[in-house]
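Novice: this one's structure only:
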């Protein structure tokens, strides 16, 4: 692969801007309905609410404009003003770090920040009460771990990257808290028709 700067083959990182959007395209089209219900519906019995249409799922995701605080899902890490009096659940996804392995391969660390209002912290799952944040996290791991995308395989794998982890996070707020879940992706780009000379 020629990266427009060298005659030899290098990974030019051209996949990086598309990683998050491709993951969410998969989640919209093939993801768990319960995952989306936890993001949209604030009620304790959110899992018994109607499934979201594709359009409703897309409408949860911020694209552009001034009303950034009106959404639930962000495909980046904006500094948004969390409204203390408005109870909702948020999900931010963004690239935390890119670490080169060699000239062809690098590891991309992708974060998912799951944030919810304390009044929404629990949901009903069957006969059990479970944490909304923990449930969303488990759904993300179940849906994405070892999923192979065109840019590489998404892994919850500490050996691949020490960034790959999950931990409790507070949102600098009295009413919001959550977790940060980090996946690692080995971004490998090998073009068969290019010789890789040094």
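Specialist: Structure's in. What do you need? Remember, it's a predicted structure, so these values are computed and weren't measured experimentally.

Novice: From residue 49, how far off is residue 118?
Specialist: Using CB to CB, to the nearest Å, one gets 21 Å for the distance from residue 118 to residue 49. Glycine gets a C-beta too; all of them are placed from N, C-alpha and C.

Novice: no, scratch that, I was asking about residue 161
Specialist: Separation of residue 161 from residue 49 (CB to CB) stands at 36 Å.

Novice: quick one: which of those two has more around it?
Specialist: More neighbours surround residue 161 than the other of residue 161 and residue 49, with 21 against 14 (other CB atoms under 10 Å).

Novice: you'd agree that one is in a strand?
Specialist: No. Judged by DSSP: H, G, I helix; E, B strand; the rest coil, residue 161 forms no part of a strand; its state is coil.

Novice: ok, it - contacts?
Specialist: The contact partners of residue 161, taken as CB atoms under 8 Å, 6 or more residues apart in numbering, are 97, 99, 107, 109, 182, 184.

Novice: Ok, residue 140 next?
Specialist: 35, 112, 114, 181.

Novice: likewise residue 24?
Specialist: Residues in contact with residue 24 (CB under 8 Å, 6+ apart) are 61, 73, 75, 93.

Novice: Touching, the third one and residue 93? I think so.
Specialist: Right, residue 75. Yes. Counting by CB atoms under 8 Å, residue 75 sits close enough to residue 93 to count as a contact (5.8 Å).

Novice: for stretch 55-73, what is the average pLDDT?
Specialist: In this model, stretch 55-73 has a mean pLDDT of 92.

Novice: residue boundaries of the strands in the protein?
Specialist: 73-74, 89-100, 105-117, 122-125, 128-131, 148-149, 152-155, 166-170, 176-188 (DSSP state E).

Novice: and the third one, what's its mean pLDDT?
Specialist: The average pLDDT for strand 105-117 rounds to 95.

Novice: elements contacting it?
Specialist: In terms of contacts (3 or more CB pairs under 8 Å, 6 or more residues apart in numbering; DSSP states H and E), strand 105-117 is packed against helix 19-30, strand 89-100, helix 132-144, strand 176-188.
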